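Colleague: everything below, folded, please.
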Amino acid sequence: MEDVLGYAGKQVVVTGAASGMGAATARILTELGARVTALDIKPTEVAVERSIEVDLRDPDSIDAAAAAIDGPVDGLFSCAGLPGPPFSELDTMLVNFVGARHLAERLVPLMPPGSAITCISSSAARGWEKQVPLLTELITTDSFEAAVEWLLANEEKWNWSGYLFSKWTTDAWVSWWYADLAADGIRINCINPGPTDTAMMPAFQDFATKEVVDTSMGPVGRYATADEQAWPVVMLGSPRSGYVAGTVLWTDGGWNGAMNVKRRAAEWAQRPATVNG
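Modeller: Below is the predicted model:
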């Protein structure tokens, strides 16, 4: 594959590389010539340069994984995540935000100017801007342990849905942290995917029902594939996107835009699905 995105020879780290969007991201980066270190609690089948086992619920495991990575790290792709039930609300918060942040903070000293961090959030994060005062309390904690302490002390504010709250937090964190990272020439961004056909989808459907999940499909009228989410992740992390920073890219088949202008799913529910745009 031609290296149009500037990844040939670059060293990158991908979390959640064993499945879904993380595996697709790791594969695409490998095909683009990047030297990929895959992090996951399970082995990946992607032919990466190196795999390291990590449990994002455990700061010692994160520290050990980070210590095993030599710099420079030209890109961190934070793709690991839990869907909520059947996992606990606290585990979901730890994997989706607290552990992801801890790993990123450990790797930043290895990241040169021009490097980038790209995260996967969710279209479930819609409305996070209205929660900034609360979210700031969590994102300004100064350690893994302090974040856990805040979560345990404020359960009534978030444990009704660790998944949704973790995605609100991720979107807010991206905006918050870039103001600091910019001084070192490091970018951070995230995508907000709509429903995507991965191994995580049955858990969402079991918990929320398929009918509810389907209301989050945009006018495109179908679920995304893992590759359709991985490519925007890869493009955001590319040096070609050097002026895109501290922002959220909605990769949701037009759902957020439709909601903003008061269009509703009933208008396109019977329409044939759009394939590849």
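Colleague: the closest residue to Asp55 other than its chain neighbours - how many residues pack around it?
Modeller: In space, and not counting its chain neighbours, Asp55 is closest to Ser61: 4.3 Å by C-beta to C-beta, 6 or more residues apart in numbering. C-betas here are computed from N, CA, C, even on glycine. By other C-beta atoms under 10 Å, 18 other residues sit near Ser61.
Colleague: so Ser61 touches Asp40, yeah?
Modeller: No - taking C-beta atoms under 8 Å as the definition, Ser61 is not a contact partner of Asp40, at 11.6 Å.
Colleague: where do the helices of this structure begin and end?
Modeller: In the chain, the segments counted as helices under DSSP state H are 20-31, 59-67, 89-93, 99-107, 132-139, 144-153, 162-181, 201-208, 210-214, 226-237, 255-260.
Colleague: tell me the most buried of those helices?
Modeller: helix 20-31 (a mean of 25; mean count of other C-beta atoms under 10 Å).
Colleague: the nearest residue to Thr198 once chain neighbours are set aside: what's it in contact with?
Modeller: In space, Thr198 comes closest to Gly20 once its chain neighbours are excluded; the distance is 3.6 Å by C-beta to C-beta, 6+ apart. Neighbouring residues of Gly20 by C-beta atoms under 8 Å, 6 or more residues apart in numbering: 79, 196, 198-200, 226.
Colleague: pull out the buried members of these.
Modeller: Among the contacts of Gly20, those scoring as buried are 79, 196, 198, 200, 226 (criterion: 16 or more other C-beta atoms under 10 Å).
Colleague: what's near enough to touch the last one?
Modeller: For Ala226, the contact set (C-beta under 8 Å, 6+ apart) comprises 20-21, 23-24, 196-198.
Colleague: picking that back up, now the residue nearest to Thr198: how far from Gly254?
Modeller: From Gly20 across to Gly254, the span is 22 Å (C-beta to C-beta, to the nearest Å).
Colleague: that older thread, of all the contacts of Gly20, which two lie farthest apart?
Modeller: Greatest spacing in those, by C-beta to C-beta: Cys79 and Ala199 (13.0 Å).
Colleague: burial measure for the residue nearest to Gly9 when sequence neighbours are not counted, as a count.
Modeller: Spatial nearest neighbour of Gly9, chain neighbours left out: Gly33 (6.4 Å); criterion: C-beta to C-beta, 6+ apart. Using other C-beta under 10 Å, Gly33 has 16 other residues around it.
Colleague: contacting residues around Gly33?
Modeller: Applying C-beta under 8 Å, 6+ apart to Gly33 gives the contacts 1, 3, 7-10.
Colleague: of these - the most surrounded one?
Modeller: If you count neighbours using other C-beta under 10 Å, the busiest of these is Tyr7, which has 26 neighbours.
Colleague: just confirm that residue contacts Arg240, I think it does.
Modeller: No - checked against C-beta under 8 Å, the pair Tyr7 and Arg240 is beyond contact range at 9.9 Å.
Colleague: what residues are up against Arg101?
Modeller: 139, 144, 147, 173.
Colleague: pLDDT value on it, please?
Modeller: With respect to pLDDT, Arg101 has a value of 98.
Colleague: for Asn260, see how far away Arg35 is.
Modeller: The gap separating Arg35 from Asn260 is 40 Å, by C-beta to C-beta.
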